[in-house]
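*Asks:* model this:
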Amino acid sequence: MDHFNSIIGQSPALDSLIRSAKIVAATDVTVLIKGETGTGKEVLATAIQKTSTRANKAFITLNCAALPESLIESELFGHKKGSFTGATTDKQGLFQAADGGTLFLDEINSLPLSIQAKLLRFLESGECLAVGDIKPYNVNVRVISATNSDLSQQIGAGEFRQDLYFRLNVVPLELPPLAQRTEDIEHLIKHFLAYFEDAYSIAAPKFSKQALKTLKAYQWPGNIRELRNLCERLSILLAGRTIEPENLPPEFSAKSNRAPEATDFILPEIGLRLDSLEADLINQALNRTQGNRSKSAKLLGISRDTLLYRMQKHGFAM
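*Replies:* Numbering: from 1, shown residues only. So this is what the prediction gives:
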């Protein structure tokens, strides 16, 4: 069984990502999954785990942004009875619970600096220390982490440890935003409509060609999660019907949510230096997105790979 079939799409960017993911899945290497919110980072992490040699072992997920700093250390590493108010018994941490298996740390960018140091210690030595204990314990756990922000920016701001980043980023896998893989939208719609047809025992709606064109022109700030929610809503409200553009929510027709067409630019009489203009636009996009290359590529209407090529061409720091 190919567990990567759960990642729907046939775009070149996605195919390349899946090929890389299948290679690293067969190893115990530490993986950092990058991508905007809603692109399917947990789905990819799950596929990697199910294809790995640890497939029959524990797979535990923790959203690092979901717990306050006072609790996350105990949640990860455990605590001893009496180590703090409310610690009435010894508690096993997620690292112990995942021994032999995989721990997926989502939104690793939200991990407090104090906990980052303990995570780094584990990645370097395999040692963990429970809160209130003086004797460390060793576990065998593979760590897969994910982030929806640019960690290099957080490093520069002193919010994320550079040495931890290097340990996590052994193999980076970046999920492209949905707006950069519009050829996958129809495949995803077909998958979601079939799922909700079965889940709710209703006739699936169909999208007209014009409605599909409208969806492909949309910027999808919520990515695949937003598309899934739209398909669920329309499956319930318009079961068995043909969906036209007027049946879509207002944001799909709002011009402000679409990339403007550059049709009104007039070439100056004295001409221009195209290379300089391109370099300046790339610089503006990077400044506006605080160096986020995926978002910069979206602003410029090109793929991330094309942006990286043009950055290299113009001598930008890579």
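*Asks:* contacts, neighbours, all on C-alpha from now
*Replies:* Will do.
*Asks:* Spatially, which residue comes closest to Ala55, not counting chain neighbours?
*Replies:* Gln49 (5.7 Å; Cα to Cα, 6 or more residues apart in numbering).
*Asks:* and the closest residue to Ala179 other than its chain neighbours, how many residues sit next to it?
*Replies:* Distances taken as Cα to Cα, 6+ apart put Gln219 closest to Ala179, at 5.4 Å, once the chain neighbours are dropped. For Gln219, the neighbour count with other Cα atoms under 10 Å is 18.
*Asks:* is it true that Gln219 touches Pro177?
*Replies:* No. Using Cα atoms under 8 Å, Gln219 is not in contact with Pro177; the gap is 9.3 Å.
*Asks:* The residue nearest to Asp28 when sequence neighbours are not counted: what's it in contact with?
*Replies:* Leaving aside its chain neighbours, Asp28 sits nearest to Arg142 (6.3 Å; criterion: Cα to Cα, 6+ apart). For Arg142, the contacting residues are 28-30, 100-103, by Cα atoms under 8 Å, 6 or more residues apart in numbering.
*Asks:* Check Tyr309 too.
*Replies:* Neighbours of Tyr309 in contact, by Cα under 8 Å, 6+ apart: none.
*Asks:* For it, what is the enclosing helix or strand?
*Replies:* With secondary structure defined by DSSP states H and E, Tyr309 is part of helix 304-313.
*Asks:* Return the set of buried residues in that helix.
*Replies:* Neighbour-count burial for helix 304-313 flags 304, 307-308, 310-311 (criterion: 16 or more other Cα atoms under 10 Å).
*Asks:* then it to CSV, C-alphas only?
*Replies:* In CSV, the C-alpha atoms belonging to helix 304-313 read as follows (Å, rounded to 0.1, in the frame of the first residue of the first chain):
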residue,chain,number,x,y,z
ARG,A,304,9.3,29.2,-6.0
ASP,A,305,11.9,27.3,-8.1
THR,A,306,11.7,30.1,-10.7
LEU,A,307,12.2,32.7,-8.0
LEU,A,308,15.3,30.8,-6.6
TYR,A,309,16.8,30.6,-10.1
ARG,A,310,16.3,34.3,-10.7
MET,A,311,17.6,35.2,-7.3
GLN,A,312,20.8,33.3,-8.1
LYS,A,313,21.0,34.9,-11.5
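*Asks:* For that helix, what is the distance to the chain centroid?
*Replies:* Offset of helix 304-313 from its chain centre (Cα atoms, centre = their mean, to the nearest Å): 21 Å.
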